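I would like to see how this sequence folds:
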Amino acid sequence: MLMNYMVKIMSTDEESKHELVSELHHVNDQLKSAKADIAYLLERVATYRRRWLEDYYRADNLERHMPYGVYVPDLGQIPEDTASPKLLPDCLACDIEGSQHEVHICGL
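Below is the predicted model of the structure:
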């Protein structure tokens, strides 16, 4: 009778061990998954922080070099087939030797 009882105890101990090992493997898998999720999220935070900094510096630079109230024409207002403005050397005439310093632009 005592022997049967000992066998029962040993079998329950081994079952307990097996359950404990199984639970430990499950917790270990959850830990690995959590570490992978944390690494992914840290990478995403770094990416979005970098993008935010780029946008912040771009906006700051724009604000510094083009303050509020500066008018920039919309490029859609200029027809596509319009020729680029050209200034030819003979169109500019400057009388440096004389008393008057005037610049004459052809066509104006």
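
ranges for the strands of this structure?
Counting by DSSP state E, the chain has strands at residues 93-94, 103-104.

now the last one: mean pLDDT?
The one in question is strand 103-104. Averaged over strand 103-104, pLDDT sits at 48.

what of the first one?
What strand 93-94 shows for mean pLDDT is 52.

just for the chain, where's the confidence low?
Low-confidence segments of the chain (pLDDT under 70): 1-12, 73, 75, 77, 85-108.

give the contact list for Glu14.
Shown in contact with Glu14 (C-beta atoms under 8 Å, 6 or more residues apart in numbering): no residues. From N, CA and C alone the C-beta is placed, and that goes for glycine too.

distance of it relative to His26?
With the distance defined as C-beta to C-beta, to the nearest Å, Glu14 ends up 19 Å from His26.

and the helices in this protein?
Secondary structure of the chain (DSSP state H): helices at 2-65.

could you report the neighbour count for Ser22?
Neighbour count of Ser22, defined by other C-beta atoms under 10 Å: 10.

again but with Trp52, I slipped
Residues near Trp52, counting by other C-beta under 10 Å: 10.

ramachandran coordinates for Val70?
The phi and psi values for Val70, taken as degrees, to the nearest 10, are phi -80, psi 130.

distance of it from Arg64?
Taking C-beta to C-beta, one finds Val70 at 12 Å from Arg64.

got it, and Ser33?
47 Å.

same question for Glu19.
Glu19 sits at a distance of 67 Å from Arg64 (criterion: C-beta to C-beta).

kindly report the same for Asp29.
53 Å.

for Leu20, same thing?
65 Å.

can you check Arg49 too?
22 Å.

equivalent analysis for Val45, please.
28 Å.

what is the burial count for Glu43?
Using other C-beta under 10 Å, Glu43 has 10 other residues around it.

ugh, wrong one, Ala83
So Ala83, with other C-beta under 10 Å, has 5 neighbours.

let me see the backbone angles for it.
According to degrees, to the nearest 10, Ala83 has phi -70, psi 150.
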